[in-house]
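Peer 1: give me a 3D structure for the following:
(chains A, B, C and D)
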Number of protein chains: 2
Amino acid sequence: MHKTMTAQIPRDCGECPIRHRAVCASCEADELAQLDEIKYYKSFEAGQTIVWSGEKMEFVGSVVKGVSSLTQTMEDGRRQMVGLLLPSDFVGRPGRETAAYDVTATSDVVMCCFRKKPFEKMMVQTPHIAQRLLQMTLDELDAAREWMLVLGRKTAREKIASLLSIIARRDATLHMKAGSDSFEFDLPLTREAMADYLGLTLETVSRQISALKRDGVIGLQGKRHVLVPDFERLLAEAGDDADGGMLA
Amino acid sequence: MHKTMTAQIPRDCGECPIRHRAVCASCEADELAQLDEIKYYKSFEAGQTIVWSGEKMEFVGSVVKGVSSLTQTMEDGRRQMVGLLLPSDFVGRPGRETAAYDVTATSDVVMCCFRKKPFEKMMVQTPHIAQRLLQMTLDELDAAREWMLVLGRKTAREKIASLLSIIARRDATLHMKAGSDSFEFDLPLTREAMADYLGLTLETVSRQISALKRDGVIGLQGKRHVLVPDFERLLAEAGDDADGGMLA
DNA sequence: AAATTTCTTTGACACAGATCAAGCGCGCGA
DNA sequence: TCGCGCGCTTGATCTGTGTCAAAGAAATTT
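Peer 2: Below is the predicted model of the structure:
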């Protein structure tokens, strides 16, 4: 853990890479200026805990760079990831004092934090921020419900394929090779984190990844870089109907 | 299916039993009058489908009476319930054309439907409706995430205990016997519906209910009426820490 | 009241995934 | 260069839950 975190932090909202997809997507210049007043950036190294469940949360914010996760833990140590936060995703709940989940940096992460009190005030004054947040929350709710199907009814192989297709889809715009069905991307999760997300053990995750590789559904370069020669095939393995994930 | 549905339908919002908990909780008299303009009540018998996934949805609304459920189905017939809608819960998504899930009446249901277009318009004009809806959506998101832990990491016995404690909690105000830890309530779900919610088969549901009964955690009168002599015990069986569910 | 249907319980057995255990391989510090 | 540690893979075995099957109980129709 001795790497220096020299993450590129945006100078202001204008040059923020997630501006058009985050809470502030609908904001005008003057509102962005207001947000600039109440925000600060914070970096976290992979593995660091950003907030502990139950802890007082003095900010809400957005992931700017990297991947973090929400996890719930039972007394006996069983863990379930309940959210995967990619760039532009919102963290924290206006109107709540304490965090309901552990928030962990899964890779190196840059967060854009808004001081909670002023942000809440601004939400009342500028209704379309609340409306934008409602949109985003509804999207998250849909994602959570999609995930309930994965957890409740899919086989281990389908779970892995589902996770891979979700990650692939989420940064499709960045990594898709134009004019082909072929994708490649880096897994931002360890096998253990994948297991926590999927409700499996890390051994089962490893076995199923090997199986998908053996069957030519995916390829691997190293442990973390994934090649998807045929995205439709991957979706079929995920148990989704052919275009469900990509086009819905 | 030949019962006559003589459900008591509220004459207006003023006498609506869920008024103070639903979307309209924060509305003033004039706003309620506006809502009265754009709403209508609709009744459904147990088992009926309220909306099919993919179908065009011309309303959003609230459950007034009874229980309905959101379900997702895979091509091969595997089903997962992704939401349990009790009185005051909101159905439908402003800004979306078609339903994302099947909505089914699990018991006889009365819905308060708002015509979608005018409701969306009203949401823009009266910001606190959007804010109230945001609150409710965030609550649902929390519930969904709680449920992900149940689906991903709990044993069959814990799943049953979790479901029972959630149902008990939701209508605690109605059925709690004052001054005791003892609850009783009617299950609004068939064994199959429970299985669909819990990611189990109905046989496993039946076996685990029998086991909980044998072990004195619950009692049964008929198949559907449940007695809970010791709520703490039930929560412990659910794998929640002692007061987690009830008081958090 | 008998017949039919639907919901539920219980049993026997199979199997997917968990658990326990060993070993690989790559990166990093010495 | 070596060795150490951590993330990952693979194997052997065990077990909780699914699957298949039969039959009981309750509600509804005839």
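Peer 1: count the neighbours of A:Leu220 for me.
Peer 2: The burial count assigned to A:Leu220 is 14, neighbours taken as other Cβ atoms under 10 Å in any protein chain shown. Heads up, the C-betas are built off the backbone N, CA and C, glycines and all.
Peer 1: likewise A:Ile18?
Peer 2: Quick note: A:Ile18 (other Cβ under 10 Å) scores 20 neighbours.
Peer 1: wasn't it part of a helix?
Peer 2: No. Going by DSSP: H, G, I helix; E, B strand; the rest coil, the assignment for A:Ile18 is coil, not a helix.
Peer 1: and the pLDDT at it?
Peer 2: Predicted confidence (pLDDT) for A:Ile18: 92.
Peer 1: now it: closest residue in space that isn't a chain neighbour?
Peer 2: A:Ser88 (4.1 Å; Cβ to Cβ, 6 or more residues apart in numbering or on different chains).
Peer 1: quick one: residues contacting the one you found.
Peer 2: Shown in contact with A:Ser88 (Cβ atoms under 8 Å, 6 or more residues apart in numbering or on different chains): A:18, A:21-22, A:62-63.
Peer 1: repeat that for 6 Å
Peer 2: By Cβ atoms under 6 Å, 6 or more residues apart in numbering or on different chains, the contact list for A:Ser88 reads A:18, A:21-22.
Peer 1: quick check: mean pLDDT of the host helix or strand of A:Gly83?
Peer 2: Counting by DSSP states H and E, the element that carries A:Gly83 is strand A:79-85. Across strand A:79-85, the average pLDDT comes to 97.
Peer 1: can you give the distance of stretch A:46-56 from its chain's centre?
Peer 2: Centre-to-centre, stretch A:46-56 and its host chain are 16 Å apart (Cα atoms, centre = their mean, to the nearest Å).
Peer 1: could you count how many residues lie near A:Glu55?
Peer 2: For A:Glu55, using other Cβ under 10 Å, the count is 14.
Peer 1: just checking, it touches A:Ala99?
Peer 2: Yes. Using Cβ atoms under 6 Å, A:Glu55 is in contact with A:Ala99, at 5.4 Å.
Peer 1: show me which residues of chain A sit near chain B.
Peer 2: A:72, A:74-75, A:78, A:80, A:82, A:93, A:127, A:130-131, A:134, A:137-138, A:140-141, A:144-145, A:148-149, A:151-153, A:199, A:239, A:241 (Cβ under 6 Å from any Cβ of the partner chain).
Peer 1: related to what we said a few turns ago, could the contacts of A:Ser88 be laid out in CSV, adding distance to DNA strand C?
Peer 2: Listed next are the contacts of A:Ser88 as CSV, based on distance: Cβ to the nearest atom of the strand, whole Å:
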residue, distance to DNA strand C
A:Ile18, 28
A:Arg21, 32
A:Ala22, 32
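Peer 1: pLDDT score for the residue of chain A found nearest DNA strand C?
Peer 2: At 3.1 Å from DNA strand C, A:Thr204 is the closest residue in chain A, using Cβ to the nearest atom of the strand. Predicted confidence (pLDDT) for A:Thr204: 98.
Peer 1: can you pull the domain assignment for chain A?
Peer 2: With domains defined by automatic domain parsing, chain A comprises A:13-148, A:154-247.
Peer 1: worst mean pLDDT among these?
Peer 2: Among the domains of chain A, domain A:154-247 carries the lowest mean pLDDT, a mean of 88.
Peer 1: ok, and does that domain reach over to DNA strand D?
Peer 2: Yes. Interface with DNA strand D: domain A:154-247 contributes A:190-192, A:202-203, A:205-207, A:209-210, A:220, A:223-224 (Cβ under 7 Å from any atom of the strand).
Peer 1: tell me which residue lies nearest the centroid of chain A.
Peer 2: Note on chain A: the residue nearest the mean C-alpha position is A:Leu85, at 2.3 Å, using Cα atoms, centre = their mean.
Peer 1: ok, what's across the strand from that residue?
Peer 2: A:Ser68 (DSSP bridges).
Peer 1: with A:Val51 instead?
Peer 2: Beta-bridge partners, per DSSP bridges, of A:Val51: A:Val103.
Peer 1: re the thing from before, quick check, the residue of chain A closest to DNA strand C in a strand?
Peer 2: No. Applying three-state DSSP, one finds A:Thr204 to be helix, outside a strand.
Peer 1: which phi and psi does the nearest residue to it once chain neighbours are set aside have?
Peer 2: Of all residues not flanking A:Thr204 in the chain, A:Ala156 sits nearest, at 5.1 Å (Cβ to Cβ, 6+ apart). With angles defined as degrees, to the nearest 10, A:Ala156 shows backbone torsions of phi -60, psi -40.
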